[in-house]
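> One predicted model, sequence on top.
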Amino acid sequence: MRHSLILRAALISAAGLLASACTTTTGSLGLSGPPSQGQIRSEAERLGEAYRSQPDNPAAALAYAKALNSLDRNDEAAAVLQQTALRFPNDKGVIAAYGKSLIAVGKTQLASNVLDRAHTPDNPDWRVLSAQGVIADQSGDHNRARSLYTAALKIQPEDPMVLTNMGLSYAVTGDMASAEQYLRKASVAPGADQKVRQNLAVVLVMTGKEAEARDLLKSDVAAAEIDSHIAYLKSLGSPNARSEGKAAKRA
């Protein structure tokens with residue numbers, strides 16, 4: 001499918017997925033932006049020391065795991081949250097963060113089981129619903145995924161992360177009109193960030209709206225870098241990229 005690489009690049013957005021606890025957005029192309037990697041590493045070291053000195057503080061564990069995810073050290077983040085979940089088996093926030101971290105390391109079945117414990121039908125958590133939607137999308141059950149995103153939006157209307165996940169769900173099945181509709185909503189929703197706008201830029205380039213994509217990137221990317229970023233976005237639709245995307249989905 002022409003647009004299948006979008007999920008590979010962005011769907012673990014968990015743009016709505018891990019932004020609330022441990023970061024994955026469900027949703028970035030990795031374009032440049034602050035803070036620097038050096039700053040993130042320094043902050044991760046500081047948070048790691050705080051976590052090790054306060055092993056019984058779940059907030060310290062959550063903060064450290066989020067920093068690790070920012071450095072793509074997802075396995076370490078999952079290990080931190082696993083230990084924290086064992087210490088605090090009744091803390092639904094910790095359980096939710098652990099479940100989301102498992103998605104980032106590809107353990108979707110275990111993640112699904114863990115996330116089922118993170119909320120209840122009579123008291124659903126919209127962040128968990130969005131994460132469960134990502135699992136459904138990764139499993140190919142796009143209708144269920146969209147039902148979960150819809151349920152999340154009923155609780156948290158206009159959330160940019162959930163709207164992004166919904167848009168990417170449509171993009172991966174080739175419904176670019178619906179994808180664009182949701183991603184446009186996401187890009188102007190309160191709290192929308194660079195990752196959200198970059199996903200809209202992907203769809204705009206793939207649907208031939210390069211000029212609009214350029215204007216959108218200007219708010220986040222230096223003028224001298226826009227051409228290279230547009231070229232990269234165009235490459236996502238190339239035959240080689242499509243082959244790589246299909247291979248990645250089988251892995």
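Right, received. Where do you want to start?
> where are the low-confidence patches of the protein?
Applying pLDDT under 70 to the chain flags residues 1-35, 236-251.
> Now the residue in it sticking out farthest from the centre. Its backbone dihedrals?
What lies farthest from the middle of the chain is Ser53; by CA atoms, centre = their mean that is 29.7 Å. Ser53 adopts backbone torsions of phi -80, psi -10, taken as degrees, to the nearest 10.
> which ones are touching it?
If a contact means CB atoms under 8 Å, 6 or more residues apart in numbering, then Ser53 has no contacts. For glycine as for every other residue, the C-beta is placed from the backbone atoms N, C-alpha and C.
> Tell me how far it lies from Ala60.
The gap separating Ser53 from Ala60 is 8 Å, by CB to CB, to the nearest Å.
> mind listing the helices for the stretch 101-250 of the chain?
With helices called from DSSP state H, counting those that start in this stretch, the stretch 101-250 of the chain shows them at 108-116, 126-138, 142-155, 160-172, 176-188, 194-206, 210-217, 226-235, 239-250.
> would TSV of these with mean neighbour count and distance to Ser36 be doable?
Shown next, in TSV, are these (neighbours: other CB atoms under 10 Å; distance: least, CB to CB, whole Å):
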stretch	mean neighbour count	distance to Ser36
helix 108-116	17	31
helix 126-138	27	28
helix 142-155	18	33
helix 160-172	29	24
helix 176-188	20	25
helix 194-206	25	15
helix 210-217	17	20
helix 226-235	15	18
helix 239-250	13	28
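> Ser190 contacts Glu158, correct?
Actually, residue 190 is Pro rather than Ser. Yes: taking contacts as CB atoms under 8 Å, Pro190 lies within contact range of Glu158: 7.2 Å.
> between these two, which one's more packed in?
A direct count of neighbours by other CB atoms under 10 Å for Pro190 and Glu158 places Glu158 higher, at 14 against 7.
> so what's the nearest residue to that one once chain neighbours are set aside up against?
Of all residues not flanking Glu158 in the chain, Ala189 sits nearest, at 4.7 Å (CB to CB, 6 or more residues apart in numbering). Contact analysis of Ala189 by CB under 8 Å, 6+ apart lists Glu158, Asp159, Pro160, Leu163, Val196.
> Tell me which two in those residues are the farthest apart.
Based on CB to CB, the longest span within the contacts of Ala189 runs between Glu158 and Val196 and measures 12.0 Å.
> on that earlier part again, so what does the residue nearest to Glu158 look like in phi/psi?
phi -70, psi 150.
> what do you get for Thr173?
Taking degrees, to the nearest 10 as the convention, Thr173 sits at phi -100, psi 10.
> how far away is it from Lys92?
According to CB to CB, Thr173 and Lys92 sit 32 Å apart.
> Who has more neighbours out of these two?
Taking neighbours as other CB under 10 Å, Thr173 and Lys92 compare with Thr173 leading, 18 against 15.
> In contact with the closest residue to that one other than its chain neighbours, which residues?
Distances taken as CB to CB, 6+ apart place His142 nearest to Thr173, at 5.6 Å, with adjacent residues excluded. By CB under 8 Å, 6+ apart, His142 lies in contact with Ala136, Ser169, Val172, Thr173.
> Would you confirm that the third one contacts Gly140?
I take that to be Val172. No: the criterion here is CB under 8 Å, and Val172 misses it with Gly140 at 9.4 Å.
> Just the endpoints, please. Distance across stretch 83-92?
End-to-end distance of stretch 83-92 (CA to CA, to the nearest Å): 14 Å.
> so how far is that stretch from its chain's centroid?
Centroid separation for stretch 83-92 versus its chain: 23 Å, with CA atoms, centre = their mean, to the nearest Å.
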